[in-house]
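Asker: Need coordinates for the following:
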Amino acid sequence: MKAVQQKWFVIVAMAFILCMTGLVMAGTSFAERCVDNGDGTVTDNGTGLMWQEATFGSMGWDYAKSYASGLSLAGHSDWRLPNKDELVELYISDCKNLMDVVNSSYWSSTTYTDDTSHAWFVYSYNGATNHDYKGYSYYVRAVRTGQ
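Answerer: Predicted coordinates for the structure are as follows:
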C-alpha cells in the first residue's frame, strides 16, 4: 500500500512540475512574441507584423486607407491598413495588451465581396467581424510587415 502511495505522490509531483514549467514557458513565449519597441510600435514576432501602438481616430474607410498608407512612424513609411485576418489575429492575441485599444470597431482593408460599397471591420474587444458601408466611421490602426 505504501508503494502505491509513493507512486501517486511522484506522479502528482511530476504533473505539478510540468504545469509550472508550462506556465513559465508560456510567459516567456509572450515576452518573445510581443515586443514594445519603445517607438510607438509593437512587433508581433508570431505573425511577423509591426503594429502602430496608438489608435487613430474614427474615419471612413477611404480615409483610413489613405491615413495608413501615408503614415511615417518609427523610421518606416510602408504602413498600410491591415486585412481582416490580420486584425482578428491581433485582437485575439495578447499583443493588444501592449497597445492603446479603444473598445470599439476598427476598419480592415478587406472589401466585402457581396457588396463592394462595404468593408469588413473587427470588434477590438472580442475579435468578431462584421461589414459596413465604407462611408461610416471606425477606428484605425496601421500595420506593416516587420523585418
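Asker: Which pLDDT value does the model give residue 32?
Answerer: pLDDT, residue 32: 86.
Asker: and it, that's in a strand?
Answerer: No: according to DSSP: H, G, I helix; E, B strand; the rest coil, residue 32 belongs to no strand; its state is helix.
Asker: That one: what's it in contact with?
Answerer: Counting by CB atoms under 8 Å, 6 or more residues apart in numbering, residue 32 makes contact with residue 45. (Glycine included, C-beta is placed from N, CA and C.)
Asker: Hmm, residue 140 and residue 59 touching each other?
Answerer: Yes: using CB atoms under 8 Å, residue 59 makes contact with residue 140 at a distance of 6.4 Å.
Asker: Could you check which of the two is surrounded by more residues?
Answerer: residue 140 (23 against 17; other CB atoms under 10 Å).
Asker: if I look at that one, how far off is residue 72?
Answerer: Computed as CB to CB, to the nearest Å, the residue 140 to residue 72 distance reads 15 Å.
Asker: sorry, back to before: which residues do residue 59 and residue 140 both contact?
Answerer: residue 67.
Asker: which secondary structure element contains the spatially most central residue of the chain?
Answerer: Nearest to the geometric centre of the chain sits residue 90, at 1.4 Å (CA atoms, centre = their mean). In this assignment (DSSP states H and E), residue 90 forms part of helix 84-92.
Asker: now that helix: mean pLDDT?
Answerer: 96.
Asker: Output the contacting helices and strands for that helix.
Answerer: If you count contacts as 3 or more CB pairs under 8 Å, 6 or more residues apart in numbering; DSSP states H and E, helix 84-92 packs onto strand 49-52, strand 105-111, strand 118-123.
Asker: can you redo these as TSV with distance to residue 41, mean pLDDT and mean neighbour count?
Answerer: Formatted as TSV, these follow (distance: least, CB to CB, whole Å; pLDDT from 0 to 100; neighbours: other CB atoms under 10 Å):
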stretch	distance to residue 41	mean pLDDT	mean neighbour count
strand 49-52	5	98	23
strand 105-111	16	98	22
strand 118-123	19	98	22
